[in-house]
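> structure for the following, please:
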Amino acid sequence: MLRRYRALTHARNMEFLRDRASLGWNLLFPLVLVAGLAIIFGGPPRALFKVAVIGAGDPVQASAHPFLTTRYTDFFALPADGEDAAVAKVGRHRLDMLIDLRAPARYWVNPESPKGYVLERLLAAAGGPPLAHGAVPGRPIRYIDFLLPGILGMNMMFSCLWGVGYVVVRYRKSGFLKRLNATPVRPIEFILAQLTSRLLLIMGITLVVYVGTDWVVGFRMEGSYALLALVTTLGALAMIAMGFVVAAFVTSEELAGGILNFLSWPMMLLSGVWFSMEGTQPWLQQLAQLFPLTHLVGGARAVMLDGAGWVDLAPQLLTLTGMTLAFLAIGARIFRWRAD
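Model (predicted):
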């Protein structure tokens, strides 16, 4: 028994070690992930709060008000004509506070934001010229209202990428695709069939989760359900097609898992699922625009929280459509039936 156990263990170890692509990716991926996180979150201690400031120079001059010397707070300048947009971002938890030091000096916080409450207390304790409390228009938005579209989008992302990318690689490794190649089925037909199947399953599951969470939490919905369904469908299609690009050529399940992790982790961190990208480095904000999840979450939040219409969501809809077509074209072009 012990001899058979050692033989099987040795065989599995050699199988993995001889798969150079999987071995290299398992060694490389952690290094790349750590390096990326070090670039994004490295440097001095991360700020706890995001505060936009008008009328204190660019960059913000701490001498303009004692509160601007508060540590662990990211103060960044806004142009004078950016007040209305910034007030809306405060109401949607994308900014923790807005300060306008022009006369009459004012500040805005979301009354439903714990961070806003803390900042308001810190502002009062800092001294200096008093600031009037400006009202955020509309009904206050809870953090759960901001967070829920991101969580639903993240769940869709994992289902889209892993449900297609990993499964098709397993089909190839087991020889199923090799047998299917003997039929008249073309790569684009196989891809479209898999895409349709995965889309129906994901949309059905997401609908059940949406209804269930709405029943439990009772979140905000200001816009059109039809528009929300459209942006969700296009987002799912784009991420399924992205998964197919991985599945089109990878022959090892270990390598597929590494690549899918490499795609999903940056999207989860930079697509605005958990926190807003306001005030971060411009190159990070530009990088986030390359991810379908960014446009899916942004579009869903715009519909649910702002009541955005079809014209407002045109950039997200066009971007997701373009990504879907591009990923499908690449996947069909590089698709491989065989594992060898």
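
> need phi/psi at Thr319.
Main-chain dihedrals, Thr319, degrees, to the nearest 10: phi -60, psi -50.

> contacts only, for it.
Counting by Cβ atoms under 8 Å, 6 or more residues apart in numbering, Thr319 makes contact with His295. Bear in mind the C-beta positions are built from the backbone N, C-alpha and C, glycine included.

> just the pLDDT at it, thanks.
At Thr319, the model reports a pLDDT of 94.

> gap between it and Gly55?
Computed as Cβ to Cβ, to the nearest Å, the Thr319 to Gly55 distance reads 35 Å.

> what ranges of the stretch 51-200 of the chain fall below the confidence cut-off?
138 (pLDDT under 70).

> what are the ranges of the strands in the stretch 151-300 of the chain?
For the stretch 151-300 of the chain, applying DSSP state E, counting those that start in this stretch gives no strands.

> how about the helices in the stretch 101-250 of the chain?
Under the criterion DSSP state H, counting those that start in this stretch, the stretch 101-250 of the chain contains helices at 114-126, 143-174, 176-180, 187-217, 225-247.

> mean confidence for the last one?
In this model, helix 225-247 carries a mean pLDDT of 90.

> in CSV, list the C-alpha atoms belonging to that helix.
Taking Å, rounded to 0.1, in the frame of the first residue of the first chain, the C-alpha atoms of helix 225-247 are listed here in CSV:
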residue,chain,number,x,y,z
TYR,A,225,-35.1,47.8,-14.7
ALA,A,226,-34.9,47.2,-18.5
LEU,A,227,-31.7,49.4,-18.7
LEU,A,228,-30.2,47.6,-15.7
ALA,A,229,-30.9,44.3,-17.3
LEU,A,230,-29.2,45.5,-20.5
VAL,A,231,-26.0,46.7,-18.9
THR,A,232,-25.9,43.5,-16.8
THR,A,233,-26.3,41.3,-19.8
LEU,A,234,-23.6,43.2,-21.8
GLY,A,235,-21.3,43.1,-18.8
ALA,A,236,-21.8,39.3,-18.5
LEU,A,237,-21.2,38.8,-22.2
ALA,A,238,-18.0,40.8,-22.1
MET,A,239,-16.6,38.8,-19.1
ILE,A,240,-17.7,35.5,-20.6
ALA,A,241,-15.9,36.4,-23.8
MET,A,242,-12.8,37.4,-21.8
GLY,A,243,-12.9,33.9,-20.2
PHE,A,244,-13.0,32.3,-23.7
VAL,A,245,-9.8,34.1,-24.7
VAL,A,246,-8.1,32.2,-21.9
ALA,A,247,-9.9,28.9,-22.7
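
> Leu207: neighbour count?
Neighbours of Leu207 under the rule other Cβ atoms under 10 Å: 12.

> so it versus Leu152, what's the distance?
The spacing between Leu207 and Leu152, counted by Cβ to Cβ, is 10 Å.

> now swap in Ala247 and tell me
In terms of Cβ to Cβ, Ala247 sits 24 Å off from Leu152.

> repeat for Asp81
Distance from Asp81 to Leu152, by Cβ to Cβ: 34 Å.

> rewinding a little: quick check: which of the helices of the stretch 101-250 of the chain is buried the most?
Mean neighbour count (mean count of other Cβ atoms under 10 Å) peaks for helix 225-247 among those, with a mean of 23.

> helices and strands around it, which ones?
Packed against helix 225-247 by the contact rule (3 or more Cβ pairs under 8 Å, 6 or more residues apart in numbering; DSSP states H and E) you find helix 143-174, helix 187-217, helix 253-270, helix 292-306, helix 314-334.

> make TSV from the ones you listed and add distance to Leu98 to it.
Listed next are these as TSV, based on distance: least, Cβ to Cβ, whole Å:
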stretch	distance to Leu98
helix 143-174	16
helix 187-217	27
helix 253-270	24
helix 292-306	17
helix 314-334	25
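
> closest to Gly134 out of those?
Nearest to Gly134, of all these, is helix 292-306, at 19.2 Å by Cβ to Cβ.

> distance from that closest one to the middle of the chain?
10 Å (Cα atoms, centre = their mean, to the nearest Å).

> got the angle for it vs helix 225-247?
Comparing the axes of helix 292-306 and helix 225-247 via axes from the mean of the first three to the mean of the last three Cα atoms, to 10 degrees yields an angle of 170 degrees.

> export helix 292-306 to CSV, keeping only CA atoms.
The C-alpha trace of helix 292-306 is given here as CSV (Å, rounded to 0.1, in the frame of the first residue of the first chain):
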residue,chain,number,x,y,z
PRO,A,292,-15.4,45.0,-18.2
LEU,A,293,-16.3,44.9,-14.5
THR,A,294,-15.5,48.6,-14.1
HIS,A,295,-18.1,49.5,-16.7
LEU,A,296,-20.6,47.0,-15.5
VAL,A,297,-20.5,48.2,-11.8
GLY,A,298,-20.4,51.9,-12.9
GLY,A,299,-23.4,51.5,-15.2
ALA,A,300,-25.4,49.5,-12.6
ARG,A,301,-24.7,52.1,-9.9
ALA,A,302,-25.7,54.9,-12.2
VAL,A,303,-29.0,53.2,-12.9
MET,A,304,-29.8,52.1,-9.4
LEU,A,305,-28.5,55.2,-7.5
ASP,A,306,-28.8,58.1,-10.0
